[in-house]
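Undergrad: The amino acid sequence is not available; the structure is as follows:
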């Protein structure tokens, strides 16, 4: 789940608007892609997250990928890579590979029809990667022989044969990237009740949807997620993308969150500790470890209350993917009355600031690969023009890669924006 629908309390909206408006005074234009100066506040507040890249309510599966079947015909101009087909990564950790991807939710990955549509789109566009849900809020989207993974797998349908799925992806010259939801995991919370976030009285804490979250401080939960990623790499995925590597929003309408075993470690340090360990273990297998973060992380100087802080997570992630959806910025952000109607300006300012902060850390190359809005939330309706403007902003900010996000993995209305 990756659509993050912000529902900031009014006072927090005002604080965010003020900080973003201040940063807009030095924000760059399309003629000057130099980074904007900060001017933001250390408020630590954050917009409510939409589901990370992939929740689709009620979307049916249209059939598992059958054994032995490679979906679609590979494009003649982009042949499959034999190295990747033998399980070797297309791009080693730390390289500056330009990745332009589409998010593929759990149900689309299980559907031969939907997968064929996505591969056909990739064949005629700049897309060179698919980000596939392999672990989401509903548990695993693959079958494992590991007893610990089996115990936490959940009962939702799963991809029948991951290797066949990956053969289909690679046959079209595409990089398969596995997305894993980490701490918003209702299945792991149910199976490991001693590892969840708690209320003051010791009972499980629940978010506004009534869901329990596992604790980011739990080494047992961290190990489970990293083991799942390691198995996916051995199956043939060439990059791991972590999502929900954060704490829940601490809304005042909800009980306070308590974290047994935190031992005085701050939220940002807990998030960074997980990413540091994950990165080391993914590097040992020859793949990148990347992370999705809130769009506001690029422009708010201090740590958000969910524990994401650019200066903490950037050094321990091979790529950061800020979700800079214009619809998720409040009115007045960067001095813009209707952010959703100005996709170029919103993305340019957010990603330019990310580049500025990376530069200060000595991080160069394609370290920022934003998630871009390929869905409509409010007015105007989003189509190819709005996606094209977001991509232009990414390039003007100094980067080449991006991932399109649509909760139903439906990208036909946006194809004209990404044609070769």
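TA: Yep, it's here. Note that the structure is predicted; figures quoted are calculated from it, not measured.
Undergrad: Distance check, the residue nearest to residue 214 when sequence neighbours are not counted against residue 280.
TA: Residue nearest to residue 214 in three dimensions, not counting chain neighbours: residue 221, with 4.5 Å by Cβ to Cβ, 6 or more residues apart in numbering. The C-beta positions use only the backbone N, C-alpha and C, and glycine is treated the same way. When distance is defined by Cβ to Cβ, to the nearest Å, residue 221 is 17 Å away from residue 280.
Undergrad: Residue 405 too?
TA: For residue 405 relative to residue 280 (Cβ to Cβ), the value is 28 Å.
Undergrad: Who has more neighbours out of residue 221 and residue 280?
TA: residue 221 (23 against 12; other Cβ atoms under 10 Å).
Undergrad: Give me the pLDDT for that one.
TA: We have a pLDDT of 98 for residue 221.
Undergrad: which residues sit in contact with it?
TA: 182, 183, 185, 188, 192, 195, 214, 215 (Cβ atoms under 8 Å, 6 or more residues apart in numbering).
Undergrad: Which of those residues fall within strands?
TA: Assigned to strands by DSSP state E, none of those qualify.
Undergrad: Is it correct that residue 377 is in contact with residue 340?
TA: Yes. At 7.2 Å, residue 377 counts as touching residue 340 under the criterion of Cβ atoms under 8 Å.
Undergrad: between these two, what contacts are shared?
TA: residue 327.
Undergrad: Spatially central residue in this protein, please.
TA: Most central in the chain under Cα atoms, centre = their mean is residue 292, positioned 3.4 Å from the mean C-alpha point.
Undergrad: Let me know the secondary structure of it.
TA: strand (DSSP: H, G, I helix; E, B strand; the rest coil).
Undergrad: so it bridges to which residues?
TA: Note on residue 292: beta-bridge partners residue 321, judged by DSSP bridges.
Undergrad: I'd like the distance between it and residue 275.
TA: 11 Å.
Undergrad: ditto for residue 294
TA: Relative to residue 275, and taking Cβ to Cβ, residue 294 is found at 15 Å.
Undergrad: Likewise for residue 225?
TA: Taking Cβ to Cβ, one finds residue 225 at 11 Å from residue 275.
Undergrad: residues shared between the contacts of the two?
TA: The contact lists of residue 225 and residue 275 share residue 242, where a contact means Cβ under 8 Å, 6+ apart.
Undergrad: which neighbours do residue 292 and residue 275 share?
TA: Joint contacts of residue 292 and residue 275 (Cβ under 8 Å, 6+ apart) are 242, 245.
Undergrad: and the residue nearest to residue 214, what are its phi and psi?
TA: Torsion angles at residue 221 (phi, psi; degrees, to the nearest 10) stand at phi -70, psi -40.
Undergrad: Residue 109 against residue 142, yeah?
TA: No. In this structure, residue 109 is not within contact of residue 142 by Cβ under 8 Å, at 9.2 Å.
Undergrad: confidence score at the closest residue to residue 372 other than its chain neighbours?
TA: With sequence-adjacent residues excluded and distances taken as Cβ to Cβ, 6+ apart, residue 372 is closest to residue 390, at 4.4 Å. Looking at residue 390, its pLDDT stands at 98.
Undergrad: for residue 408, same thing?
TA: Looking at residue 408, the pLDDT reads 97.
Undergrad: ditto for residue 59
TA: Per-residue pLDDT puts residue 59 at 32.
Undergrad: What about the closest residue to residue 315 other than its chain neighbours, how many residues nearby?
TA: Closest residue to residue 315 apart from its sequence neighbours, by Cβ to Cβ, 6+ apart: residue 361 at 6.3 Å. Under the neighbour criterion other Cβ under 10 Å, residue 361 is assigned a count of 12.
Undergrad: So the closest residue to residue 138 other than its chain neighbours: helix, strand or coil?
TA: Excluding its sequence neighbours, the residue lying closest to residue 138 (Cβ to Cβ, 6+ apart) is residue 156, at 4.2 Å. In three-state terms, and counting by three-state DSSP, residue 156 is coil.
Undergrad: cool, and the one 3 residues further on?
TA: Secondary structure of residue 159, reduced to three states by three-state DSSP: coil.
Undergrad: surely it meets residue 142?
TA: Yes. Counting by Cβ under 8 Å, residue 159 touches residue 142, with 5.4 Å between them.
Undergrad: More neighbours: which of the two?
TA: residue 159 (24 against 21).
Undergrad: pLDDT score assigned to that one?
TA: 97.
Undergrad: All further residue positions should be reported with the first residue as 48.
TA: Got it, the first residue is 48 from now on, which makes the last one we talked about residue 206.
Undergrad: Could you measure from it over to residue 408?
TA: The value you get for residue 206 to residue 408, if Cβ to Cβ is used, is 37 Å.
Undergrad: go on, residue 169?
TA: From residue 169 to residue 408 the distance is 33 Å (Cβ to Cβ).
Undergrad: my guess is residue 287 is in a helix, correct?
TA: No. Residue 287 is assigned strand when assessed by three-state DSSP, not a helix.
Undergrad: contacting residues for the residue nearest to it when sequence neighbours are not counted?
TA: Of all residues not flanking residue 287 in the chain, residue 276 sits nearest, at 4.6 Å (Cβ to Cβ, 6+ apart). With contact set as Cβ under 8 Å, 6+ apart, residue 276 has these partners: 225, 227, 287, 325, 328, 329.
Undergrad: what do you get for residue 203?
TA: 153, 185, 186, 188.
Undergrad: Which of the residues you listed fall in strands?
TA: Filtering the contacts of residue 203 for strands - DSSP E - leaves residue 186.
Undergrad: For the residue nearest to residue 362, which residues are in contact?
TA: 358, 361, 362.
Undergrad: Any idea how many residues pack against the first one?
TA: Spelled out, that is residue 358. Around residue 358 there are 15 residues (other Cβ under 10 Å).
Undergrad: Check residue 437 too.
TA: 27.
Undergrad: Is it correct that it falls within a helix?
TA: Yes. Checked against three-state DSSP, residue 437 lies within a helix.
Undergrad: separation between it and residue 430?
TA: In terms of Cβ to Cβ, residue 437 sits 12 Å off from residue 430.
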